[in-house]
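[1] Whatever this is, show me its structure:
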Amino acid sequence: MKFRGIFCATTAANNEEYRKVLKRRNIWLGAVAGMGALVALAALLAERRSDTGLPDYILGVYCGFGTGLILGMAILFVRNMILLGNEEKLKQSRLENSDERLEQIGSRASQSALKVLMLVGIAGAMIGGIREPVLIKALIFALDVFVFSYLVALAYYKKKM
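    Modelled structure (predicted):
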(Lines give C-alpha, C1' and ligand atoms only; values in the text may rest on other atoms or scores of the structure.)
Protein backbone atom coordinates (compact mmCIF):
# COMPACT_ATOMS: atom_id res chain seq x y z
CA MET A 1 0.00 0.00 0.00
CA LYS A 2 1.41 3.37 -0.97
CA PHE A 3 1.35 6.38 1.34
CA ARG A 4 -1.70 8.58 0.95
CA GLY A 5 -1.95 12.18 2.11
CA ILE A 6 -3.03 13.05 5.62
CA PHE A 7 -6.31 14.58 4.41
CA CYS A 8 -7.10 12.12 1.60
CA ALA A 9 -9.40 9.59 3.30
CA THR A 10 -13.03 9.67 2.21
CA THR A 11 -16.29 7.86 2.84
CA ALA A 12 -17.65 8.57 -0.65
CA ALA A 13 -19.55 5.54 -1.92
CA ASN A 14 -19.52 6.46 -5.62
CA ASN A 15 -17.74 8.72 -8.09
CA GLU A 16 -20.35 11.49 -7.89
CA GLU A 17 -19.96 11.77 -4.11
CA TYR A 18 -16.18 11.70 -4.50
CA ARG A 19 -16.40 14.40 -7.17
CA LYS A 20 -18.25 16.63 -4.66
CA VAL A 21 -15.60 15.87 -2.02
CA LEU A 22 -12.81 16.89 -4.41
CA LYS A 23 -14.61 20.10 -5.36
CA ARG A 24 -14.99 21.00 -1.67
CA ARG A 25 -11.30 20.20 -1.11
CA ASN A 26 -10.41 22.48 -4.01
CA ILE A 27 -12.23 25.34 -2.27
CA TRP A 28 -10.14 24.71 0.87
CA LEU A 29 -6.98 24.46 -1.22
CA GLY A 30 -7.81 27.85 -2.73
CA ALA A 31 -8.38 29.34 0.72
CA VAL A 32 -5.04 28.02 2.01
CA ALA A 33 -3.27 29.25 -1.14
CA GLY A 34 -4.89 32.66 -0.56
CA MET A 35 -3.56 32.68 3.00
CA GLY A 36 -0.12 31.78 1.64
CA ALA A 37 -0.36 34.69 -0.80
CA LEU A 38 -1.26 37.05 2.05
CA VAL A 39 1.70 35.84 4.13
CA ALA A 40 4.13 36.21 1.21
CA LEU A 41 2.70 39.61 0.28
CA ALA A 42 2.94 40.83 3.87
CA ALA A 43 6.59 39.75 3.98
CA LEU A 44 7.34 41.52 0.72
CA LEU A 45 5.60 44.69 1.88
CA ALA A 46 7.43 44.56 5.22
CA GLU A 47 10.72 44.19 3.36
CA ARG A 48 10.02 47.37 1.39
CA ARG A 49 9.38 49.30 4.59
CA SER A 50 12.56 49.97 6.47
CA ASP A 51 10.90 50.72 9.81
CA THR A 52 9.46 47.25 10.50
CA GLY A 53 12.50 46.14 12.44
CA LEU A 54 12.16 42.55 11.24
CA PRO A 55 15.38 40.74 10.32
CA ASP A 56 15.83 39.69 6.71
CA TYR A 57 15.93 36.07 7.83
CA ILE A 58 12.40 36.28 9.31
CA LEU A 59 11.07 38.04 6.22
CA GLY A 60 12.60 35.27 4.11
CA VAL A 61 10.97 32.61 6.28
CA TYR A 62 7.56 34.28 5.90
CA CYS A 63 7.98 34.74 2.18
CA GLY A 64 9.15 31.13 1.73
CA PHE A 65 6.34 29.79 3.88
CA GLY A 66 3.72 31.71 1.92
CA THR A 67 5.23 30.70 -1.41
CA GLY A 68 5.40 27.07 -0.29
CA LEU A 69 1.73 27.13 0.62
CA ILE A 70 0.83 28.60 -2.75
CA LEU A 71 2.88 26.03 -4.69
CA GLY A 72 1.76 23.06 -2.59
CA MET A 73 -1.90 23.95 -2.89
CA ALA A 74 -1.53 24.60 -6.63
CA ILE A 75 -0.05 21.12 -7.12
CA LEU A 76 -2.86 19.49 -5.16
CA PHE A 77 -5.46 21.58 -7.02
CA VAL A 78 -4.07 20.49 -10.40
CA ARG A 79 -4.01 16.86 -9.24
CA ASN A 80 -7.66 17.10 -8.21
CA MET A 81 -8.59 18.72 -11.51
CA ILE A 82 -6.88 15.87 -13.39
CA LEU A 83 -8.86 13.38 -11.31
CA LEU A 84 -12.10 15.25 -11.97
CA GLY A 85 -11.42 15.14 -15.71
CA ASN A 86 -10.66 11.41 -15.90
CA GLU A 87 -13.37 9.00 -14.76
CA GLU A 88 -11.01 6.00 -14.46
CA LYS A 89 -8.44 7.87 -12.35
CA LEU A 90 -11.28 9.31 -10.24
CA LYS A 91 -12.60 5.81 -9.50
CA GLN A 92 -9.12 4.46 -8.73
CA SER A 93 -8.39 7.35 -6.37
CA ARG A 94 -11.77 6.97 -4.64
CA LEU A 95 -11.19 3.26 -4.05
CA GLU A 96 -7.66 3.86 -2.71
CA ASN A 97 -8.83 6.63 -0.39
CA SER A 98 -11.97 4.93 0.94
CA ASP A 99 -10.19 1.92 2.39
CA GLU A 100 -11.27 1.43 6.02
CA ARG A 101 -7.80 0.23 6.93
CA LEU A 102 -6.40 3.50 5.60
CA GLU A 103 -8.81 5.42 7.85
CA GLN A 104 -7.71 3.41 10.90
CA ILE A 105 -4.03 3.91 10.08
CA GLY A 106 -4.58 7.65 9.58
CA SER A 107 -6.54 7.93 12.81
CA ARG A 108 -3.91 6.15 14.87
CA ALA A 109 -1.06 8.05 13.23
CA SER A 110 -2.85 11.36 13.94
CA GLN A 111 -3.41 10.40 17.57
CA SER A 112 0.25 9.50 18.00
CA ALA A 113 1.44 12.66 16.27
CA LEU A 114 -0.85 14.81 18.42
CA LYS A 115 0.49 13.19 21.60
CA VAL A 116 4.05 13.93 20.51
CA LEU A 117 3.06 17.49 19.55
CA MET A 118 1.51 18.03 22.98
CA LEU A 119 4.61 16.73 24.76
CA VAL A 120 6.99 18.79 22.61
CA GLY A 121 4.80 21.87 23.07
CA ILE A 122 4.76 21.49 26.83
CA ALA A 123 8.50 20.81 26.99
CA GLY A 124 9.22 23.72 24.65
CA ALA A 125 7.06 26.04 26.73
CA MET A 126 8.70 25.03 29.99
CA ILE A 127 12.29 25.02 28.72
CA GLY A 128 12.00 27.96 26.31
CA GLY A 129 10.01 29.98 28.83
CA ILE A 130 13.08 30.21 31.03
CA ARG A 131 14.83 32.45 28.48
CA GLU A 132 11.80 33.95 26.69
CA PRO A 133 8.76 34.42 28.94
CA VAL A 134 6.49 35.18 25.97
CA LEU A 135 7.29 31.74 24.54
CA ILE A 136 5.61 29.94 27.42
CA LYS A 137 2.49 32.06 26.95
CA ALA A 138 2.40 31.46 23.20
CA LEU A 139 2.92 27.70 23.39
CA ILE A 140 0.51 27.18 26.28
CA PHE A 141 -2.06 29.28 24.41
CA ALA A 142 -1.61 27.09 21.31
CA LEU A 143 -2.03 23.94 23.40
CA ASP A 144 -5.14 25.43 25.04
CA VAL A 145 -6.59 26.20 21.61
CA PHE A 146 -5.91 22.62 20.57
CA VAL A 147 -7.60 21.14 23.65
CA PHE A 148 -10.60 23.48 23.33
CA SER A 149 -11.01 22.77 19.59
CA TYR A 150 -10.73 19.04 20.31
CA LEU A 151 -13.52 19.24 22.89
CA VAL A 152 -15.75 21.27 20.55
CA ALA A 153 -15.11 18.84 17.65
CA LEU A 154 -15.74 15.87 19.94
CA ALA A 155 -19.13 17.26 21.02
CA TYR A 156 -20.02 18.12 17.41
CA TYR A 157 -19.18 14.68 16.02
CA LYS A 158 -20.92 12.89 18.91
CA LYS A 159 -24.13 14.60 17.86
CA LYS A 160 -23.53 14.24 14.13
CA MET A 161 -22.57 10.55 14.08
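[2] where does this protein dip in pLDDT?
    1-7 (pLDDT under 70).
[3] just the helices in it please.
    Applying DSSP state H to the chain gives helices spanning 15-48, 56-85, 87-97, 100-131, 133-160.
[4] will you turn those helices into TSV that also has mean neighbour count?
    Yep, even glycine has a C-beta here, placed from its N, CA and C like the rest. Below are the helices of the chain laid out as TSV (neighbours: other CB atoms under 10 Å):
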stretch	mean neighbour count
helix 15-48	15
helix 56-85	15
helix 87-97	15
helix 100-131	12
helix 133-160	11
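[5] Redo those as JSON lines? Include distance to Ala9.
    As requested, the helices of the chain are exported to JSON lines (distance: least, CB to CB, whole Å):
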{"stretch": "helix 15-48", "distance to Ala9": "10"}
{"stretch": "helix 56-85", "distance to Ala9": "15"}
{"stretch": "helix 87-97", "distance to Ala9": "6"}
{"stretch": "helix 100-131", "distance to Ala9": "5"}
{"stretch": "helix 133-160", "distance to Ala9": "15"}
